[in-house]
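Engineer: What would the 3D arrangement of this be:
(chains A and B)
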Amino acid sequence: MIELQGVRKIYSGDNGRAPVVALDSIDLTIETEEFLCILGPSSCGKTTLLKAIMGLLPIDAGDIKIDGQSVSGPGTDRAMVFQNFALLPWADVITNIAFGLELRGMPKPERQQIANELIHAVGLTGFERYYPRQLSGGMQQRVGLARALAVDPNILLMDEPFGAVDAQTRRLLQEDLLALLERTRKTVIFVTHSMEEAVRLGSRVVLMTPRPGTICEAIEVKLPRPRPPDIEKHPQFIELKEYLWHQLRAMQVMTADHD
Amino acid sequence: MEHGADNHLSGMWKWSLRLGSLAILALSWELLAHKVSNLLMPTFTATLAALMRLLVTKRLWEALWLSNQAMVLGFTLAALCGISIGLLMGRYRTAEKIIDPYLSILLVTPMSAVIPIIVMAMGLGLVARVMVVFSFAFVTITVNTRAGMRMIEPGWVEMTRAFGGTERQLWLKILLRGALPAILTGLRLGLNRAISGMIAMELLLIAIGIGRLILDFQGYFEAANLYATVVVIIAEAVILTQLCQYLERRLTPWAGQVSSQ
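Structural biologist: Predicted structure coming up:
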């Protein structure tokens, strides 16, 4: 269980700019094995929140607890999938997937064996010796996902992971992610700015508003699991997506007025 | 297969073009020298003959040895200092803020003007020659190393942190690795600068080694020998550059071809 209490993050304004309150009074509890989607417009602090839970960013107030322990830095219980993949261009697929294990000091034969299993799991068999630049965006993110799964974390933190790929690839990646998670149950926090993606994947959707980044609403997604591929035809899917659109539009209009 | 044969063919075509242009150049030189026909301009064949004679003399190799001692020592020192300072500037903003103004000035300083100062301060010995070579190569290596550090994607650093990487692991597996293509480019360009520095110093103030040889031949109007000596020094620069480029391709194949000269 992940508990956030009164989390606040301020970016100090460099070069005379005013400080920015990126997160303010965030209270949120995430149950074990929950799939939580964080949805919101750009610069609403979604990514900041995710990095704070990862332990990459110190927070200015409040507390983040994982199973009762306060987060003070990155830990072996968490792994992250990055928006821009963050693959190493000089390393082939297998080395990239094994990189997290390499940092944790696992001997080469063992980590390569784990990487090989994951290459199969994410559907990249045959691409072991390829370099990132030889792969499409979707395949690169499969490597990023495999690298995160390789360290076998309890919590998977995903920062707009499918934001940089085309619509068809995105659908495939979503389906494969859900299938993978059916096999290895994990707590997932998934940041996205796509309403459809949030409803398709999440068991709960948290809606954030910008400036300062706060949680405005948390919505249960009462759709069957495992999610069928044509879930978008489900009346509740449509209803929920409409509702989220309504909320987001109000937010955008408000922010536009504010500016 | 077909692709390979195609490559082979275009490779042969490339080489015949190169050899052809070289032949035309040599022939033009030969004809021009015959037409001018004086002491100061040797023919291509005379230069070639002088080169062959020179290559078996002890005099040339002793000169090369003497010059390159200073070159190698100065270049090594410049590489050690340049890489370290470039890395520090790329990683720590404070180091960047303190050193950058000096580096910017050194970057535009005509280094030949600094040679007399170094000689006045350090005399005409090996130390002075090493320092001159150092001052020619150092800035180039520093600037390229820093550029390499700037090419490190913040995402790589963040990813390493997220997987629990230590500062030591970050340096070894990400920073040095990521900056390596630019560091190697810096070393190649710095080596060219080092050779320029070595020759400039030997021609301007400390007449020994290859520079002394060039000055002697010039003084006695031995034009063919003079040209041959210059060919030797160009050949050294070309061979060392090729060697560096080979290392760059072998060590950093992911970086692609860097075309800067």
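
Engineer: who in the stretch 1-150 of chain A is up against chain B?
Structural biologist: By C-beta under 8 Å from any C-beta of the partner chain, the residues of the stretch 1-150 of chain A that approach chain B are A:54, A:56, A:74-76, A:78-80, A:82, A:84-86, A:88-90, A:99-100, A:102-104, A:131, A:133. In this view, the C-beta of every residue, glycine as well, is placed from N, C-alpha and C.

Engineer: Out of the residues you listed, which end up buried?
Structural biologist: Buried members of these, counted by 16 or more other C-beta atoms under 10 Å in any protein chain shown: A:54, A:56, A:74-75, A:78-80, A:82, A:84-86, A:88-90, A:99-100, A:102-103, A:131.

Engineer: tell me the average confidence for stretch B:29-43?
Structural biologist: Stretch B:29-43 carries an average pLDDT of 84.

Engineer: Show me how far it is from its chain's centre.
Structural biologist: Offset of stretch B:29-43 from its chain centre (C-alpha atoms, centre = their mean, to the nearest Å): 31 Å.

Engineer: Over to stretch B:38-45?
Structural biologist: 29 Å.

Engineer: export it as PDB, just CAs?
Structural biologist: The C-alpha trace of stretch B:38-45 is given here as PDB (Å, rounded to 0.1, in the frame of the first residue of the first chain):
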ATOM      1  CA  ASN B  38      64.400  27.500 -60.800                       C
ATOM      2  CA  LEU B  39      66.200  26.600 -57.600                       C
ATOM      3  CA  LEU B  40      63.200  27.400 -55.400                       C
ATOM      4  CA  MET B  41      60.700  25.000 -56.900                       C
ATOM      5  CA  PRO B  42      61.600  21.400 -57.100                       C
ATOM      6  CA  THR B  43      59.800  19.000 -59.500                       C
ATOM      7  CA  PHE B  44      57.600  16.300 -58.200                       C
ATOM      8  CA  THR B  45      60.100  13.600 -59.200                       C
END
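
Engineer: Other residues contacting it?
Structural biologist: Stretch B:38-45 has contacts (C-beta atoms under 8 Å, 6 or more residues apart in numbering or on different chains) with B:26, B:27, B:29, B:30, B:32, B:33, B:34, B:50, B:221, B:223, B:224, B:227.

Engineer: Repeat that for stretch B:106-118.
Structural biologist: For stretch B:106-118, the external contacting residues (C-beta under 8 Å, 6+ apart) are B:128, B:131-132, B:135-136, B:138-139, B:143, B:197, B:200-201, B:204-205.

Engineer: Closest to chain A out of the residues you listed?
Structural biologist: residue B:143 (22.5 Å; C-beta to the nearest C-beta).

Engineer: Up against chain A, what does the stretch 51-200 of chain B have?
Structural biologist: For the stretch 51-200 of chain B, the residues in contact with chain A (C-beta under 8 Å from any C-beta) are B:153, B:155-156, B:158-165, B:169, B:173-174, B:177-178.

Engineer: low pLDDT regions in the stretch 101-250 of chain B?
Structural biologist: For the stretch 101-250 of chain B, applying pLDDT under 70 flags no range at all.

Engineer: and the residue most central in space within chain A, helix, strand or coil?
Structural biologist: Geometric centre of chain A, nearest residue: residue A:158, 1.7 Å, by C-alpha atoms, centre = their mean. Classification of residue A:158 by DSSP: H, G, I helix; E, B strand; the rest coil places it in strand.

Engineer: so it touches residue A:85, yeah?
Structural biologist: No - contact between residue A:158 and residue A:85 fails when scored by C-beta atoms under 8 Å: they sit 11.9 Å apart.

Engineer: which residues touch residue 99?
Structural biologist: Picked chain A for this. Contact analysis of residue A:99 by C-beta under 8 Å, 6+ apart lists A:88, A:91, A:147, B:159, B:163, B:173.

Engineer: that's the other chain; I wanted chain B
Structural biologist: Counting by C-beta under 8 Å, 6+ apart, residue B:99 makes contact with B:85, B:88, B:89.

Engineer: so where does the first one fall, helix or strand?
Structural biologist: Using DSSP states H and E, residue B:85 falls within helix B:58-91.

Engineer: Show me what counts as buried in stretch A:33-50.
Structural biologist: Across stretch A:33-50, burial judged by 16+ other C-beta under 10 Å covers A:34-41, A:44-50.

Engineer: Out of the contacts of residue B:99, give me the one that has the most neighbours.
Structural biologist: Ranked by neighbour count (other C-beta atoms under 10 Å in any protein chain shown), those have residue B:89 at the top, with 23 neighbours.

Engineer: Tell me how chain B divides into domains.
Structural biologist: Split into domains by automatic domain parsing, chain B comes to B:1-37, B:43-260.

Engineer: How far does the first one sit from its chain's centre?
Structural biologist: Okay, so that is domain B:1-37. Centre-to-centre, domain B:1-37 and its host chain are 25 Å apart (C-alpha atoms, centre = their mean).

Engineer: Buried ones in that domain, by neighbour count?
Structural biologist: By neighbour count on 16+ other C-beta under 10 Å, the buried set for domain B:1-37 is B:29, B:30, B:33.

Engineer: So which of those belong to helices?
Structural biologist: Judged by DSSP state H, helices contain the following of the buried residues of domain B:1-37: B:29, B:30, B:33.

Engineer: Relative to chain A, how far out is the residue nearest to the second one when sequence neighbours are not counted?
Structural biologist: Just to be clear, that refers to residue B:30. Residue nearest to residue B:30 in three dimensions, not counting chain neighbours: residue B:44, with 4.4 Å by C-beta to C-beta, 6 or more residues apart in numbering or on different chains. Note on residue B:44: its distance to chain A, by C-beta to the nearest C-beta, to the nearest Å, is 46 Å.

Engineer: List the residues that contact residue B:162.
Structural biologist: Counting by C-beta under 8 Å, 6+ apart, residue B:162 has contacts A:54, A:56, A:74, A:78, A:79, A:80.

Engineer: Residue A:163 contacts residue A:83, doesn't it?
Structural biologist: Yes - counting by C-beta under 8 Å, residue A:163 touches residue A:83, with 5.6 Å between them.

Engineer: quick one: which of the two has more around it?
Structural biologist: Taking other C-beta under 10 Å, residue A:163 and residue A:83 do not tie; residue A:83 has more neighbours (18 against 15).

Engineer: Quick check: nearest residue in space to that one, chain neighbours excluded?
Structural biologist: Counting by C-beta to C-beta, 6+ apart, the nearest residue to residue A:83 once its immediate chain neighbours are dropped is residue A:160, at 4.4 Å.

Engineer: ok, how many other residues are close to the one you found?
Structural biologist: Here the number of neighbours of residue A:160 (other C-beta under 10 Å) works out to 20.
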